[in-house]
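Q: Can you look at this prediction? I've put the sequence above it.
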Amino acid sequence: MIDLHTHILPGLDDGARTLEDALAMARVFVAEGVTVVAATPHVRDDFPTSANVMLHSVTALRRVLDEAEIPLTLLPGAEVAVDWLARLDDDELRRLSLAGSGRYVLVETPYRGWPVELLERLLRLRAAGFTPVLAHPERNPVVQATPSLLAPLVAGGTLVQVTAASLDGRLGTASRDTGHRLLASGLAHMVASDAHGSRVREAGMLSAVGAIRDDALARWLVSDVPNAIARGTGLPPRPR
């Protein structure tokens, strides 16, 4: 499995606080069968992480993972807030892109409301040659009330990432039901943990796969699609 939304870099945001926390998270990933993760610290007002800081932290943690003999590949990336998309130039966005592919940018869905400028900013990303990956929209009450809001975004080229803890019910029935509705309607493309610690929204990728109850679809969501995103290529076709 490949998990392209984690907060494993220590001390950068509200994820891993210490190096020990990061190593504990890495061991949980490996125990679940995750072989590759992307470090996606927040880029927003409370955590204005730059590409330079993120990349330096990735390099440092890679070294420690190797020394600890933890078989986990760590890729760069970031989770960019909607209102920060207009503040960052294309070069910075490329450096913050998932796996450093220069193509896919993880965009944080607001937890409340539905910004009127969201569609415009996603379209601008597309016009600049990026593919937005909208993180965890199933946890937004507006989307929970009207999941079809995502249809025009997906039609316009935006991809959707659903959180593992939504699918297995750890984040409540509303997130669970909406997450499964998005999967059933073809409005979700990837499952990731959004793990913030070994105990705070821990990985849970295995339980999410079990909750999907469709082996081919689960493989597409946790392996085939994230592998394509990490390589910066187009997505494989969705299983029928």
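A: Cool, got the structure.

Q: which parts of the helix ranked longest in the chain are buried?
A: Ranked by residue count, the top helix of the chain under DSSP state H comes out as helix 51-67. Judged by neighbour count (16 or more other CB atoms under 10 Å), helix 51-67 contains these buried residues: 51, 54-55, 57-58, 61-62, 65. C-beta: built from backbone N, CA, C; applies to glycine.

Q: separation between the residue sitting furthest away from the middle of the chain and Asp3?
A: Distance to the chain centre peaks in the chain at Glu67, reaching 26.5 Å (criterion: CA atoms, centre = their mean). For Glu67, the distance to Asp3 (CB to CB, to the nearest Å) stands at 22 Å.

Q: Then Ala127?
A: Counting by CB to CB, the gap from Ala127 to Asp3 is 29 Å.

Q: quick one, which of the two is more surrounded?
A: In this view Ala127 and Asp3 are compared by other CB atoms under 10 Å, and Asp3 has more residues nearby, 27 against 8.

Q: still on that earlier bit, and of the buried residues of helix 51-67, the nearest to Glu120?
A: Checking the buried residues of helix 51-67 against Glu120 by CB to CB gives Ala51 as the nearest, at 23.6 Å.

Q: The closest residue in space to the closest one that isn't next to it in sequence: neighbour count?
A: Nearest residue to Ala51 in three dimensions, chain neighbours excluded: Arg95, at 3.6 Å (CB to CB, 6 or more residues apart in numbering). Residue crowding around Arg95 was assessed by other CB under 10 Å; the count is 18.

Q: Next, the buried residues of stretch 131-149.
A: Quick answer for stretch 131-149 (16+ other CB under 10 Å): 131-140, 143-144, 147, 149.

Q: Now the terminal residues of that stretch, how far apart.
A: Counting by CA to CA, to the nearest Å, you get 18 Å between the two ends of stretch 131-149.
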